[in-house]
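> Just the structure for this:
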Amino acid sequence: MEIKYYGLPVKMFSWNCRGLRSTDAPKIPYLCWSVRYYDICIVFLQETKCSVADAVCKTSPLNLPRFCGTDSVGTSGGLLLLWDARSDIFPLVTDPHFILCKVVNHGSNSVWYALFLYGESCSASRASFWHEMKALCSSYSPLCMIGDFNQVEHHYDKLGGSSNITGWKSFLDWRIHIPLSELPYSGPNFTWANKRNSSSLILERLDRCYASQDWNLLFPDAYLKNLNLFLSDHAPIVLSTSAKVKKPKRPYRVDNWCLELPAIQALISVIWNSSSICNAATSVSLKLAKIRSAILQWVLENRHHFMLDWSLISKDFSVSAAYIQDSSSAFNHITNIRSIEHDVYIQHSFWKQRAKSDFRFNDGLPTSYFFSRSKAREKRLRIFALKNDMGNWISSDMDLSNLIVSHFTCLFTSKIFDLRVL
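Residues are numbered from 1 along each chain as shown. Predicted coordinates for the structure are as follows:
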């Protein structure tokens with residue numbers, strides 16, 4: 001797989017999402033927010049539990065039109081790799097457990113490899129799996145690996161359950177043989193939880209990133225960020241190949257949804273009808289400034305009651321995860337996650353239903369919700385890729401055009417038969 005790198009940081013988002021089949025789950029809105037907030041250019045999803053075509057259709061709002069992956073087997077497995085126009089990607093090796101990529105850095109004329117991994121979940125098959133990965137990875141360098149490894153490496157990467165770490169020796173033998181070193185990370189220590197009761201609660205760090213020594217020399221400032229356990233039993237992780245860049249703060253803008261609320265209208269009426277000793281022009285200017293400031297303050301204080309604020313939800317999780325030290329604090333964190341997830345599901349359903357009600361009340365006028373939904377539907381109706389007669393995915397516009405034209409040309413070309421009676 002080839003990625004053209006032009007000096008800008010490559011940011012990869014990896015998440016074992018545990019299924020994309022449900023249309024009512026807020027996973028896609030959360031993914032959209034994450035892609036925008038972290039400026040992600042590559043998304044790697046594991047356990048989509050659906051075909052590549054269905055997964056691409058459901059993730060169309062992410063605005064990542066290019067993809068490759070593997071179909072699920074029944075209701076288990078399934079990989080999906082998405083990227084935008086900033087990267088030109090061509091698959092080298094695809095497998096139900098990994099997607100191997102070749103990365104070409106055109107800025108420095110360097111070449112490196114990335115392997116997006118979903119480790120073997122069956123403990124009895126892990127030894128043979130890591131043996132196969134040893135033979136594969138030995139041929140590619142510099143190498144970076146990211147994903148769900150389904151393997152605990154150290155005792156401090158696990159909280160609760162048995163102290164015995166199954167498959168540790170075969171995993172360590174594979175990692176040392178390559179050799180690979182783990183990238184430093186920030187954020188919560190654990191990326192997986194079984195979300196059971198306090199007595200049987202287990203937390204582990206299964207989602208990680210490893211890199212070879214020559215890859216670390218290419219990107220000495222690369223870092224990994226562990227996000228919060230949310231909407232899945234796995235937490236997403238974000239890899240950036242360069243140091244953190246502080247984003248400039250964007251001025252806050254009032255959303256249109258709040259202008260028709262009775263509380264906002266009453267607030268505007270009180271300020272506008274207040275007396276003033278200034279002249280007419282100055283009075284109007286001062287009142288408008290006060291109205292703008294009052295609306296902003298009201299929205300900031302009440303926004304979480306009226307819409308999903310992913311930034312606020314992420315901060316709540318981060319505060320809760322910072323206090324995990326033992327089983328009791330871990331159980332409190334998981335309880336907080338369950339409560340917030342329950343509220344998010346309710347709010348997501350509420351806003352979908354409210355948008356439908358507003359749509360009917362306004363005689364079918366396109367509300368902002370239905371406008372975004374219609375744009376997403378347009379993207380889903382677009383043909384991103386097709387399989388040719390050899391079973392390979394064709395994704396470029398020119399190849400798609402040629403494939404469709406040749407198919408219908410053969411389909412509607414009539415053959416002339418000689419019907420002469422002998």
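
> surely residue 13 meets residue 33?
No - proximity of residue 13 to residue 33 does not meet the contact threshold set by Cβ atoms under 8 Å, at 11.4 Å. C-beta coordinates here come from the backbone N, C-alpha and C atoms, glycine included.

> what about the two, which has more around it?
residue 13 (23 against 17; other Cβ atoms under 10 Å).

> got the contact list for the more buried one?
34-35, 38, 40, 42-44, 236-238 (Cβ atoms under 8 Å, 6 or more residues apart in numbering).

> Redo the residues you listed as JSON lines? Include secondary structure.
Listed next are the contacts of residue 13 as JSON lines, based on DSSP: H, G, I helix; E, B strand; the rest coil:
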{"residue": "34", "secondary structure": "helix"}
{"residue": "35", "secondary structure": "helix"}
{"residue": "38", "secondary structure": "helix"}
{"residue": "40", "secondary structure": "coil"}
{"residue": "42", "secondary structure": "strand"}
{"residue": "43", "secondary structure": "strand"}
{"residue": "44", "secondary structure": "strand"}
{"residue": "236", "secondary structure": "coil"}
{"residue": "237", "secondary structure": "strand"}
{"residue": "238", "secondary structure": "strand"}
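
> what are the ranges of the strands in the stretch 301-422 of the chain?
386-387, 393-394 (DSSP state E, counting those that start in this stretch).

> Throw those strands into TSV and include mean neighbour count, thanks.
Shown next, in TSV, are those (neighbours: other Cβ atoms under 10 Å):
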stretch	mean neighbour count
strand 386-387	14
strand 393-394	17
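
> Which of those sits closest to residue 100?
Minimum separation from residue 100 across the strands of the stretch 301-422 of the chain (Cβ to Cβ) falls at strand 393-394, 15.6 Å.

> from what I can see residue 56 touches residue 80, true?
Yes - using Cβ under 8 Å, residue 56 is in contact with residue 80, at 7.1 Å.

> So these two - more neighbours on which side?
Taking other Cβ under 10 Å, residue 56 and residue 80 do not tie; residue 80 has more neighbours (29 against 25).

> rewinding a little: any common contacting residues for residue 56 and residue 80?
Counting by Cβ under 8 Å, 6+ apart, the residues touching both residue 56 and residue 80 are residue 67.

> quick one, strands of the stretch 151-300 of the chain?
Under DSSP E, counting those that start in this stretch, the stretch 151-300 of the chain gives strands at 158-159, 181-182, 185-186, 192-193, 203-204, 207-211, 223-226, 237-240.

> Strand partners (parallel or antiparallel) of the fifth one?
Strand pairing for strand 203-204, determined by DSSP bridges: strand 158-159 (antiparallel), strand 192-193 (antiparallel).

> Show residues contacting that strand.
Under Cβ under 8 Å, 6+ apart, the answer for strand 203-204 is 152, 157-160, 190-193, 324, 330.

> Rank those by pLDDT and give me only the lowest.
Of all these, residue 324 carries the smallest pLDDT score, 77.

> what separates that one from residue 30, distance-wise?
As judged by Cβ to Cβ, to the nearest Å, residue 324 and residue 30 stand 22 Å apart.

> Quick one: the strands of the stretch 151-300 of the chain as a markdown table, columns for distance to residue 94 and mean neighbour count too.
What follows is the strands of the stretch 151-300 of the chain, written out as a markdown table (distance: least, Cβ to Cβ, whole Å; neighbours: other Cβ atoms under 10 Å):
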| stretch | distance to residue 94 | mean neighbour count |
| --- | --- | --- |
| strand 158-159 | 31 | 20 |
| strand 181-182 | 25 | 14 |
| strand 185-186 | 27 | 14 |
| strand 192-193 | 25 | 22 |
| strand 203-204 | 27 | 22 |
| strand 207-211 | 20 | 24 |
| strand 223-226 | 24 | 18 |
| strand 237-240 | 20 | 24 |
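
> Could you work out which of those reaches nearest to residue 102?
strand 207-211 (15.4 Å).

> which outside residues touch that closest one?
Contact with strand 207-211 is made by 14, 16, 142-149, 175, 180-183, 185, 191-192, 219, 222, 224, 226, 234-237, 239, as judged by Cβ under 8 Å, 6+ apart.

> In PyMOL, how would I select just the buried ones from those?
Buried residues within the contacts of strand 207-211, by 16 or more other Cβ atoms under 10 Å, are selected in PyMOL with:
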select buried, resi 14+16+142+143+144+145+146+147+148+149+175+180+183+185+191+192+219+222+224+226+234+235+236+237+239
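
> Using CSV, write out the CA atom coordinates for stretch 268-280.
As requested, the backbone C-alpha atoms of stretch 268-280 are provided in CSV (Å, rounded to 0.1, in the frame of the first residue of the first chain):
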residue,chain,number,x,y,z
ILE,A,268,-33.6,39.1,23.7
SER,A,269,-36.9,40.9,24.6
VAL,A,270,-35.7,41.9,28.0
ILE,A,271,-32.4,43.4,26.7
TRP,A,272,-34.0,45.1,23.8
ASN,A,273,-36.8,46.7,25.9
SER,A,274,-34.4,48.0,28.5
SER,A,275,-34.0,51.7,28.8
SER,A,276,-30.9,53.6,27.7
ILE,A,277,-29.6,57.1,28.2
CYS,A,278,-27.6,57.1,25.0
ASN,A,279,-28.7,58.3,21.6
ALA,A,280,-30.6,56.0,19.3
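
> What lies in contact with that stretch?
By Cβ under 8 Å, 6+ apart, stretch 268-280 touches 282-283, 286-287, 290-291, 294-295.

> From these, keep the buried residues only.
Of the contacts of stretch 268-280, these count as buried by 16+ other Cβ under 10 Å: 287, 290-291, 295.

> quick one, domains of the protein?
As assigned by automatic domain parsing, the chain contains the domains 2-240, 256-305.

> Now distance to residue 391 too, for those, in JSON lines please.
Putting the domains of the chain into JSON lines (distance: least, Cβ to Cβ, whole Å) gives the following:
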{"stretch": "domain 2-240", "distance to residue 391": "12"}
{"stretch": "domain 256-305", "distance to residue 391": "47"}
